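[1] can you look at this prediction? I've put the sequence above it.
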Amino acid sequence: LLPILNYPDPRLRTIAEPVKEVTAEIKTLIADMIETMYDAQGIGLAASQVDRHIQLIVMDLSEDKSQPRVFINPKVTPLVEEKQPYEEGCLSVPDVYDKVERPTKVRIEALDENGDKIDEEVEGLLAVCIQHEMDHLNGVIFVDYLSRLKQTRARDKVRKVIKIREKQSTH
Ligand SMILES: O=C(O)C[C@@H](Cc1ccccc1)[C@H](O)SCc1ccccc1
Ligand SMILES: [Zn+2]
């Protein structure tokens, strides 16, 4: 399992570099990220969150964790002006949930783990998740869209959750 960086760790603000070649090392990282995402009960995970600053996202929106997807060097383009709110969470900001508005329909262009082209128009949870993950690759965290007050509360909340987790792990 890979350690997930927690807000407001400054490393989460690093801009991810493009992947030049899908090496064996990257394939191992992909497998490790998928395992880490499942263990953390997430439906998406960006490499930035595990302190690897390359343009790599893994995702699995299936109920039974059977359909992992990999997006390498993704490009997301809004297809409509219309935005929709969604109650977002983030594995790097545990126990914090709040509404974020994002374009309802987007185009995803990327490479998959075999280096084959992905070019899809998506909406719904996939559109929300890919935009949330793309933000991570650009050093943006969903709490950045919230008020200062909510950002302060988010910082306090994460601090508490981490302390509790650290106590649990020592027992
Ligand atoms: O990037 C992450 O931290 C994983 C995110 C992905 C996500 C964020 C907002 C909306 C959808 C997906 C989540 O922690 S995964 C947990 C989760 C599961 C279902 C719905 C919302 C959040
Ligand atoms: Zn996140």
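    Arrived safely. Keep in mind that what you see is a predicted model, and the values were worked out from it rather than measured. Ligands and ions are numbered 1, 2, ... in the order given.

[2] going by C-alpha atoms from here, please, whenever you check contacts or count neighbours.
    Fine.

[3] state which strand of the chain is the longest.
    Secondary structure assigned by DSSP state E gives strand 69-78 as the longest strand of the chain.

[4] which strands or helices does that strand pack on?
    Helices and strands touching strand 69-78, by 3 or more Cα pairs under 8 Å, 6 or more residues apart in numbering; DSSP states H and E, are strand 56-59, strand 105-111, helix 125-137.

[5] any chance of those in TSV, plus mean pLDDT and distance to residue 83?
    Below are the helices and strands packed on strand 69-78 laid out as TSV (pLDDT from 0 to 100; distance: least, Cα to Cα, whole Å):
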stretch	mean pLDDT	distance to residue 83
strand 56-59	98	22
strand 105-111	98	8
helix 125-137	98	10
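
[6] what's the angle from the longest strand of the chain to helix 125-137?
    Counting by axes from the mean of the first three to the mean of the last three Cα atoms, to 10 degrees, strand 69-78 points 90 degrees away from the direction of helix 125-137.

[7] what sits up against the helix or strand bottoming out on mean pLDDT in the chain?
    When the helices and strands of the chain are scored by mean pLDDT, DSSP states H and E, helix 148-170 comes last with a mean of 93. Applying Cα atoms under 8 Å, 6 or more residues apart in numbering, the contact partners of helix 148-170 are 6-8, 93-96, 143-144.

[8] what about it, near ligand 1?
    No: Helix 148-170 lies apart from ligand 1 when judged by Cα under 6 Å from any ligand atom; the minimum separation is 13.2 Å.

[9] for residue 132, give me its contacts.
    Applying Cα under 8 Å, 6+ apart to residue 132 gives the contacts 141-142.

[10] which of the residues in the least confident helix or strand of the chain are buried?
    Buried residues in helix 148-170, defined by neighbour count with 16 or more other Cα atoms under 10 Å: 151, 154-155, 158-159.

[11] and those residues, which is closest to ligand 1?
    Of all the buried residues of helix 148-170, ligand 1 sits closest to residue 158, with 13.2 Å by Cα to the nearest ligand atom.

[12] how far away is the closest one from residue 75?
    According to Cα to Cα, to the nearest Å, residue 158 and residue 75 sit 30 Å apart.

[13] then residue 115?
    15 Å.

[14] counting neighbours, go ahead and name the busier of these two.
    Per other Cα atoms under 10 Å, whichever of residue 115 and residue 75 has more neighbours is residue 75, with 17 against 12.

[15] quickly list what the more buried one is bridged to.
    Following DSSP bridges, residue 75 is listed with bridge partners residue 109.

[16] quick check: residues of this structure near ligand 1?
    Checking the chain against ligand 1 by Cα under 6 Å from any ligand atom, the hits are 42-45, 88-92, 128-129, 132-133.

[17] re earlier: Throw the buried residues of helix 148-170 into TSV and include distance to residue 18, thanks.
    Compiled in TSV, these are given as follows (distance: Cα to Cα, whole Å):
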residue	distance to residue 18
151	30
154	30
155	30
158	30
159	32
